[in-house]
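Peer 1: Okay, here's the prediction I keep looking at, along with the sequence it came from:
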Amino acid sequence: MGAIISHKPILHTVPPLAEVTEVTVLFRPDILFNDGLNIPVEISVANIFLSSNPDKKYKSAIVLAHFDTGASSTSIDLSLAEELGLEATGTCKISTAAGILPVPTFTVNISFPNTNLSPFMDLPINSSRLGYKSGELSSHRNIGILLGRDIMSRWNIVWNGPTSTVFIND
């Protein structure tokens, strides 16, 4: 006779999953190997701020985002946050190679151009200094955002090294 195992449900604070979408991305093997996984994202001010100040001009930008499996949360380059006119929503402490540092936090919208991946709206993120340079999207090392596990945990990501193909489902 088998045992019956009962599990209590785990409560999550993340929104429910969207309909399944899929993206397949092909990379040159040397870029994927040397630089890791970088994809274009569009970042803009969060929806919650748009209605509070309708006269303010908000910007958005398409920048490269690096998949950072070591980061628990997504992070924006401080110079990019300044360029977009984002206002800090608070501060937090992050652990870096240089030690534990206090950094400003922001709330943003992030979408994925030319894909059917669901956007992240009103997403709280951290900040860091990534060396982002405005207007240099053509450079595969000009990173404006680090995508952390807060976003990656919502996706199924398959990295097929031999074919330099990455599959992402949400």
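Peer 2: Alright, I've got the coordinates.
Peer 1: drop to CA atoms for contacts and neighbour counts, all remaining ones
Peer 2: OK.
Peer 1: Can you name the residues that contact residue 157?
Peer 2: By CA atoms under 8 Å, 6 or more residues apart in numbering, residue 157 lies in contact with 166-169.
Peer 1: in the sheet, who's paired with it?
Peer 2: As for beta bridges, residue 157 partners with residue 168 under DSSP bridges.
Peer 1: measure it to residue 62 for me?
Peer 2: The span separating residue 157 from residue 62 equals 22 Å under the rule CA to CA, to the nearest Å.
Peer 1: Quick one: residues in contact with stretch 77-96.
Peer 2: Counting by CA under 8 Å, 6+ apart, stretch 77-96 makes contact with 44-45, 58-61, 100-107, 126-132, 134, 144-145, all of which sit outside it.
Peer 1: Narrow these to those that are buried.
Peer 2: For the contacts of stretch 77-96, a burial check counting by 16 or more other CA atoms under 10 Å picks out 44-45, 60-61, 103-107, 126-128, 130, 132, 144-145.
Peer 1: got the phi/psi numbers for the residue nearest to the spatial centre of the chain?
Peer 2: Centroid-nearest residue in the chain: residue 147, 3.2 Å away (criterion: CA atoms, centre = their mean). The phi and psi torsions at residue 147 (degrees, to the nearest 10) take the values phi -80, psi 120.
Peer 1: my read: it touches residue 63, true?
Peer 2: No: with contacts defined as CA atoms under 8 Å, residue 147 does not count as touching residue 63, sitting 11.9 Å away.
Peer 1: Which secondary structure state is assigned to the residue lying closest to residue 115 once chain neighbours are set aside?
Peer 2: For residue 115, ignoring the flanking residues on the chain, the nearest one in space by CA to CA, 6 or more residues apart in numbering is residue 23 at 6.3 Å. Here residue 23 is strand, with the state taken from DSSP: H, G, I helix; E, B strand; the rest coil.
Peer 1: Spit out the contact partners of residue 23.
Peer 2: Residue 23 touches 115-117, 167-169, counting by CA under 8 Å, 6+ apart.
Peer 1: Thanks a lot, see you next time.
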